[in-house]
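Enquirer: got a sequence here, can you model it:
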Amino acid sequence: MTYYGAAELARSFRTVRKNTLIIAEEIPEEQYDFRPAPGSRSVREILAHMLTSSQGTYRGHAVRKITTFAGVDLQAVISERLAQEQQWATASKSQLLEALRGDADTWGKHLEQISEDDLAATVTFPEPAQPPSKSRFEILLSNKEHEMHHRAQLMSIERLLGLVPHLTRERQARMASWTPTGR
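Expert: Alright, predicted model coming up:
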């Protein structure tokens, strides 16, 4: 018996993406080129990175169903993703939001229908990678974790822009509604 399978993975990915989209919607488009520090990604570039990373993982694991990275030209894969990021890094806010929504729909539908055997399948990595292999489940879960990492960056940027992130507002509202008991 597993406690976290395809349905839970799909649900949790959709939740993460929903929260990413709320943040992306709340940041004004005129702030999409804001960088918190020289050399860091702008809001637009973070969203482009999240999108192309997610799409690349989808192509590798949903379309190609790779079982090994041995023999894969990782430099070419990275170059392709960077070129895609560059294209998306000039997109408008509405174009990015539409693409992120479409990607969420594609991912969610795929994740829901993955079999336990596919989730358990081992994907190997060439030496000197450590560990030498991971389950497809772990790799797909890392896609969600990657987005959460960059979403945290966006939440910090919101604060720098004078915005209160929606998750913070929701927590504050819950706390304000609680009344002390037993006093």
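Enquirer: same for the helix ranked longest in the chain, what does it pack against?
Expert: When the chain is parsed with DSSP state H, its longest helix is helix 136-160. On a contact count with 3 or more CB pairs under 8 Å, 6 or more residues apart in numbering; DSSP states H and E, helix 136-160 meets helix 6-26, helix 43-58, helix 116-120, strand 122-124. For glycine as for every other residue, the C-beta is placed from the backbone atoms N, C-alpha and C.
Enquirer: list the residues that contact the residue positioned nearest the centre of the chain.
Expert: Most central in the chain under CA atoms, centre = their mean is Glu147, positioned 2.5 Å from the mean C-alpha point. By CB atoms under 8 Å, 6 or more residues apart in numbering, the contact set of Glu147 is 16-17, 20, 50, 53-54.
Enquirer: please repeat the previous calculation with a cut-off of 7 Å.
Expert: Residues near Glu147 by CB atoms under 7 Å, 6 or more residues apart in numbering: 16-17, 20, 50, 54.
Enquirer: quick one: His49 and Arg59, what's the gap?
Expert: 16 Å (CB to CB, to the nearest Å).
Enquirer: buried stuff in the longest helix of the chain?
Expert: Within helix 136-160, the residues scored as buried using 16 or more other CB atoms under 10 Å are 136-137, 139-141, 143-144, 146-147, 150-151, 153-155, 157-158.
Enquirer: C-terminal to that helix, what's the next element?
Expert: Remark: after helix 136-160, the chain's next helix or strand is helix 166-177, criterion DSSP states H and E.
Enquirer: next, the angle helix 136-160 makes with that following helix.
Expert: Interaxial angle, helix 166-177 versus helix 136-160 (axes from the mean of the first three to the mean of the last three CA atoms, to 10 degrees): 80 degrees.
Enquirer: distance from the chain centre to helix 166-177, please.
Expert: Its chain's average C-alpha position is 24 Å from that of helix 166-177, according to CA atoms, centre = their mean, to the nearest Å.
Enquirer: can you dump the C-alpha atoms of it in PDB for me?
Expert: In PDB, the C-alpha atoms belonging to helix 166-177 read as follows (Å, rounded to 0.1, in the frame of the first residue of the first chain):
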ATOM      1  CA  HIS A 166      -1.500  35.500  -0.900                       C
ATOM      2  CA  LEU A 167      -0.400  32.600   1.300                       C
ATOM      3  CA  THR A 168       0.700  35.000   4.000                       C
ATOM      4  CA  ARG A 169      -2.600  36.900   3.700                       C
ATOM      5  CA  GLU A 170      -4.600  33.700   4.000                       C
ATOM      6  CA  ARG A 171      -2.600  32.600   7.100                       C
ATOM      7  CA  GLN A 172      -3.100  36.100   8.700                       C
ATOM      8  CA  ALA A 173      -6.800  35.900   8.000                       C
ATOM      9  CA  ARG A 174      -7.000  32.400   9.600                       C
ATOM     10  CA  MET A 175      -5.100  33.600  12.700                       C
ATOM     11  CA  ALA A 176      -7.300  36.700  13.000                       C
ATOM     12  CA  SER A 177     -10.400  34.500  13.000                       C
END
